[in-house]
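Enquirer: take this sequence and fold it.
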Amino acid sequence: EVLALLVLLYPLLRGLALQLHSAVTGSYVPGTHSVVFVTCLNEHIARDIARAIMDRRLAACVTILPKSSALYFWKGEMEESTEILLLVKTRTSKIGELSNYVRSIHPFEIPEIISLPIEQGNPAYLRWIEENVPR
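Expert: Next up is the predicted model:
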């Protein structure tokens with residue numbers, strides 16, 4: 001029972017230890033923030049989703065990249081289309097909420113929502129993300 005409790009509490013305890021370490025040393029803990037990729041059918045949808053993410057304070061910044069071409073398999077057939085890419089900069093702890101929200105408003109049956117942890121970066125920029133995305 002104690003072991004099971006420790007296993008369940010490990011992520012919370014690890015997170016608290018990393019926050020304490022970061023606060024004491026002033027150093028960035030790799031993976032504290034992430035970049036999330038979300039693809040959209042067109043610029044209008046991309047702007048609507050970006051604004052919705054920002055209105056909910058789920059990101060410090062959403063960059064909207066212009067049209068790109070994509071090749072992919074859909075229902076057994078190779079497809080080709082253009083899409084707009086959103087780069088969402090946020091706290092890693094917000095990815096679950098962000099992903100659920102984007103899926104609820106995105107017109108695609110299976111929207112692309114992929115996150116990558118930020119290992120290092122400009123310390124001032126990483127602090128800015130921290131300040132602009134509430135816990």
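
Enquirer: from here on, just use CA atoms for contacts and neighbour counts.
Expert: OK.

Enquirer: the protein: helices as residue ranges?
Expert: Counting by DSSP state H, one finds helices in the chain at the ranges 2-25, 43-55, 95-105, 123-132.

Enquirer: hey, least reliable of those by pLDDT?
Expert: Ranked by mean pLDDT, those end with helix 2-25 at the bottom, a mean of 66.

Enquirer: which residues touch the nearest residue in space to L85 that is not next to it in sequence?
Expert: The spatially closest residue to L85, leaving aside those adjacent along the chain, is T39, at 4.6 Å (CA to CA, 6 or more residues apart in numbering). Residues counted as contacts of T39 (CA atoms under 8 Å, 6 or more residues apart in numbering) are A46, E83, I84, L85, L86, P111, E112, I113.

Enquirer: what does N42 give?
Expert: With CA under 8 Å, 6+ apart, N42 has these contacts: K67, T82, E83, I84.

Enquirer: neighbour-wise, which one of the residues you listed leads?
Expert: The most neighbours of any of the contacts of N42, using other CA atoms under 10 Å, belong to I84, which has 21 neighbours.

Enquirer: thinking again about what came up before, TSV for the contacts of T39, including distance to D55?
Expert: Shown next, in TSV, are the contacts of T39 (distance: CA to CA, whole Å):
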residue	distance to D55
A46	14
E83	23
I84	20
L85	19
L86	15
P111	20
E112	21
I113	19
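
Enquirer: of these, which belong to strands?
Expert: Counting by DSSP state E, the contacts of T39 place E83, I84, L85, L86, I113 in strands.

Enquirer: out of the contacts of T39, which comes closest to G96?
Expert: Relative to G96, the closest of those is I113; by CA to CA it sits at 10.5 Å.

Enquirer: settle this for me: that closest one is touching L85, isn't it.
Expert: No. I113 lies out of contact with L85 (CA atoms under 8 Å); the separation is 10.4 Å.

Enquirer: contact partners of stretch 84-104?
Expert: Here stretch 84-104 has contacts from 31-43, 46, 49-50, 53, 58-68, 110-111, 113, 115, 117, 129-130, 133, 135, using CA under 8 Å, 6+ apart.
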